[in-house]
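Engineer: Provided below are the primary sequence and the corresponding predicted coordinates.
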Amino acid sequence: LAHALDMTLGTEWPESLDYTDPDNAEIAMERAEDRYRFVLDRPLAEPPGSRWTYCGGASALLGRIIEDGTGQRLDAFARDALFGPLGIDAFHWHAGDDGALSAASGLRMTARGLARIGQAMAAGGRWNGAPVIPEAWLARLRASRIETGFGPGYSGQWYLTEQPAPSDPVQVMAGMGNGGQRLWVAPETGLVAVAFCGAYDRPDMWLTPTLLLQRSILAGLS
């Protein structure tokens, strides 16, 4: 479970290919008769835990584990346990042709809704004074478990970086999606920001949100 959370399964998973390429592992998973068996049957490329590799299959497994453990579909559990308590009522979770929800890439929601998740995280897991996200879980997320190989650390599906600010550098947690979608949380400052960009599948998709974060958002911290 920890390897799935931290994307250190060690399996062969070529998701760096273009998402129009049928050999892209996530695309192949979406087209498989049984997506979970597809993930579990991938050959091992290295010992689990030794290296981070972006793996939508790991997120798919986590989604299935949540469904099995709660007895609810992933979207229903998310609504009851997280979205509902945060007042998020506008969201959609895309399902594949097999009817299974795409845990890795299927969630659609508004910027305001996404920001509420960040606000709860910055507030120690509380919303309007009520606990929503366990503090112990947030503490785990803030401690990097593995380096990604391109800069950030990683823990529990979140990217962790230290970013420059006008006074001292700040730790920033980031949920990052294809195209430049971002949720940034800087727990020490209480800062939360969201960016929606449309640079899907472009090699420079990281550039605009990075400049926005460093030159506009963090530059305004006092």
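Structural biologist: Looks like it came in fine. Please read all numbers here as calculations on a predicted model, not as lab measurements. Residues are numbered from 1 along each chain as shown.
Engineer: Name the residues that touch the longest helix seen in the chain?
Structural biologist: Using DSSP state H to define each element, the chain has its longest helix at helix 56-70. Residues external to helix 56-70 that are found in contact with it (CB atoms under 8 Å, 6 or more residues apart in numbering): 1, 3-5, 7, 9, 11, 13, 15, 25-26, 29, 35-36, 38-40, 42, 73-74, 77, 100-105, 157. Yep, even glycine has a C-beta here, placed from its N, CA and C like the rest.
Engineer: Just the buried residues from those, in PyMOL please.
Structural biologist: Burial among the contacts of helix 56-70 is assessed by 16 or more other CB atoms under 10 Å; the matching PyMOL selection reads:
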select buried, resi 3+4+5+7+9+11+13+15+25+26+29+35+36+38+39+42+73+74+77+100+101+102+103+104+157
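Engineer: what are the pairing partners of the longest strand along the chain, and which direction each?
Structural biologist: Secondary structure of the chain per DSSP state E: the longest strand is strand 170-177. Each strand that strand 170-177 pairs with, and the sense of that pairing, follows from DSSP bridges: strand 158-163 (antiparallel), strand 181-186 (antiparallel).
Engineer: burial of the closest residue to Gly49 other than its chain neighbours, as a residue count?
Structural biologist: Counting by CB to CB, 6 or more residues apart in numbering, the nearest residue to Gly49 once its immediate chain neighbours are dropped is Thr8, at 4.9 Å. Here the count is done by other CB atoms under 10 Å, and Thr8 has 22 residues near it.
Engineer: Could you check the pLDDT of Thr8?
Structural biologist: As summarised for this prediction, Thr8 has a pLDDT of 98.
Engineer: Disregarding residues adjacent in the polypeptide, which is nearest to Asp98?
Structural biologist: With CB to CB, 6+ apart as the measure, Arg35 is the residue that lies nearest to Asp98, at 6.6 Å, once sequence neighbours are left out.
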